[in-house]
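1. Next comes the sequence, and after it the predicted model I'd like to discuss.
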Amino acid sequence: MKRLLLWLPLIAFALLFVVVSSGLLKPNDHLVHSQMVGKQLPRFDLPAMVPGMPGIDTARFADGKPRLINVFASWCIPCMAESPQLMVLKQQGAEIDAVAVRDTPQNIAGFLRRFGNPYTRIGDDRQSAFQLALGSSGVPETYVIDGKGRIVEQHIGDVRAEDVPELLAALKKAAG
Amino acid sequence: MKAPPLSAVTPDSFRHSRSRASQRPLNLRNGGPRKKSEATGWVSWIAVPLLLAAPALADTPLPPARLADTQLPDPHQEAEAEALMQTLRCVVCQGQSIAQSDADMAGQMRAMVRERIARGEKPSAIRRWLIERYGDYVSYDPPLSAVTAPLWLAPLVLLGLGAWIARTSFRRRRRRRG
């Protein structure tokens, strides 16, 4: 018993060392990840946000073509920052549908005029209902959807230049 | 990327204070129409930072949903909704429940909770719906799982440990006395 007690401080130190060093190696992740990744898209039907561009609904995502869903808003600064990368994605052949969260048609039209339009469709999610159903915790977020309407991947925050190849690879993989 | 002029994407309600704020400092720098009296000098020293502190461009121009801050007419349902909101985490502000948070998204979540309660849904079903989407993290009432098991079992283990220590020390004392 005495002998064990003698080693106890060293064991306690070793435990503490493991805890601290594991925290250093793998910093805390404060992002709220959607639990919907790997599951089917929730049923939804969002009306068009701006004239001339249709809205989006569930049926669209069962036609065999993988797509991105970009959850964005004109009042969100990182959304402005990621717009050049979305344009690059579009040029590389990605099809991007958008969900405009808590926004007005005028503001979205202004946003598209200013930053370009990488989207094929924009759905109006005025009350964040679809955002909540997706398990999205903010704007911007980008989801990779496979051809059968399954959510394959979630990208939280703005899409940076280094994320573009990753998203393209995820789309390619989703196409099978 | 060039920085966009803020006013172009700023909702109308913010635009006025913004543009005024951006003109004031220019006047000061040019020594423009400033030195009228000591009093107005002081006022501008206070007013300029205040105007600069106009709402940041990072929030929706839309008003919150009706039920975000309006109680349900039925007090029983409202109490049910309130109790649930106290135990749901705001996913934007993370340290607060949606009942406490001023974040727009928390307001939308409160509205959703009230709507569903008014429709007759059970609080447990709403909690389950949110956990399905955001994980256990969204609930302040963690369910028993492999990850949360230590949280629930630790008090029992500690209680057992305490009983064991008490027993051995009582025994030792009795032995010494006897």
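-> It's in.
2. make it CA atoms for all contacts and neighbour counts henceforth
-> Will do.
3. Show me the helices in chain B, by range?
-> Using DSSP state H, the helices of chain B run over residues B:6-9, B:12-29, B:38-52, B:75-86, B:104-118, B:123-134, B:149-177.
4. What is the burial count for the closest residue to chain A within chain B?
-> Here chain B gets closest to chain A at one residue, residue B:133, 4.4 Å apart by CA to the nearest CA. As a burial measure, residue B:133 scores 20 neighbours (other CA atoms under 10 Å in any protein chain shown).
5. Please see if stretch B:81-88 touches chain A.
-> No: using CA under 8 Å from any CA of the partner chain, stretch B:81-88 never reaches chain A; the gap is at least 13.3 Å.
6. Quick one, grab the pLDDT at residue B:59.
-> Confidence at residue B:59, expressed as pLDDT, is 83.
7. Surely it is in contact with residue A:73?
-> No: if you go by CA atoms under 8 Å, residue B:59 and residue A:73 don't touch, sitting 9.3 Å apart.
8. the more surrounded of those two?
-> residue A:73 (27 against 18).
9. Residue B:118 versus that one, what's the distance?
-> To residue B:118, residue A:73 is 29 Å away according to CA to CA, to the nearest Å.
10. Same check on residue B:108?
-> From residue B:108 across to residue B:118, the span is 15 Å (CA to CA).
11. give the contact list for the one residue in chain A that gets nearest to chain B.
-> Nearest residue of chain A to chain B: residue A:135, at 4.4 Å (CA to the nearest CA). Residue A:135 sits next to A:33, A:34, A:35, A:36, B:130, B:133, B:134 when contact means CA atoms under 8 Å, 6 or more residues apart in numbering or on different chains.
12. Who wins on neighbours among those?
-> Top of the contacts of residue A:135 by neighbour count (other CA under 10 Å): residue B:134, with 24 neighbours.
13. Can you verify my assumption that that residue contacts residue A:131?
-> No: judged on CA under 8 Å, residue B:134 makes no contact with residue A:131 at a distance of 11.2 Å.
14. Need the max-distance pair from the contacts of residue A:135.
-> Farthest pair in the contacts of residue A:135 (CA to CA) is A:33 and B:130. Separation: 12.5 Å.
15. Not counting its neighbours along the chain, what's nearest residue A:141?
-> Counting by CA to CA, 6 or more residues apart in numbering or on different chains, residue A:141 lies nearest to residue A:156, which is 4.7 Å off, once chain neighbours are set aside.
16. From residue A:8, how far out is the one you found?
-> Residue A:156 is 44 Å from residue A:8, by CA to CA.
17. and the two? which has more neighbours close in?
-> Neighbour count, other CA under 10 Å: between residue A:156 and residue A:8, residue A:156 has more, with 19 against 12.
18. avg pLDDT for the longest helix seen in chain A?
-> If you go by DSSP H, chain A has its longest helix at helix A:2-25. Computed over helix A:2-25, the mean pLDDT rounds to 92.
19. can you pull the buried residues of it?
-> Neighbour counts over helix A:2-25 (16 or more other CA atoms under 10 Å in any protein chain shown) mark no residue as buried.
20. ok, is that helix in contact with chain B or not?
-> No: for helix A:2-25, no contact with chain B is found by CA under 8 Å from any CA; the gap never falls below 15.1 Å.
21. Pull the distance from that helix to the chain's centre.
-> A distance of 39 Å separates the centroid of the chain from that of helix A:2-25, by CA atoms, centre = their mean, to the nearest Å.
22. now stretch A:109-128
-> The mean C-alpha position of stretch A:109-128 is separated from the chain mean by 16 Å, CA atoms, centre = their mean.
23. which of the residues in that stretch are buried?
-> Using 16+ other CA under 10 Å as the test for burial, stretch A:109-128 gives A:109, A:111-112, A:115, A:117-119, A:121-128.
24. so how far is residue B:173 from the nearest residue to residue B:67 once chain neighbours are set aside?
-> Excluding the flanking residues, the one nearest residue B:67 by CA to CA, 6+ apart is residue B:111, at 4.5 Å. For residue B:111, the distance to residue B:173 equals 62 Å [CA to CA].
25. Could you do residue B:121 as well?
-> 59 Å.
26. Check residue A:89 too.
-> Residue A:89 is 77 Å from residue B:173, by CA to CA.
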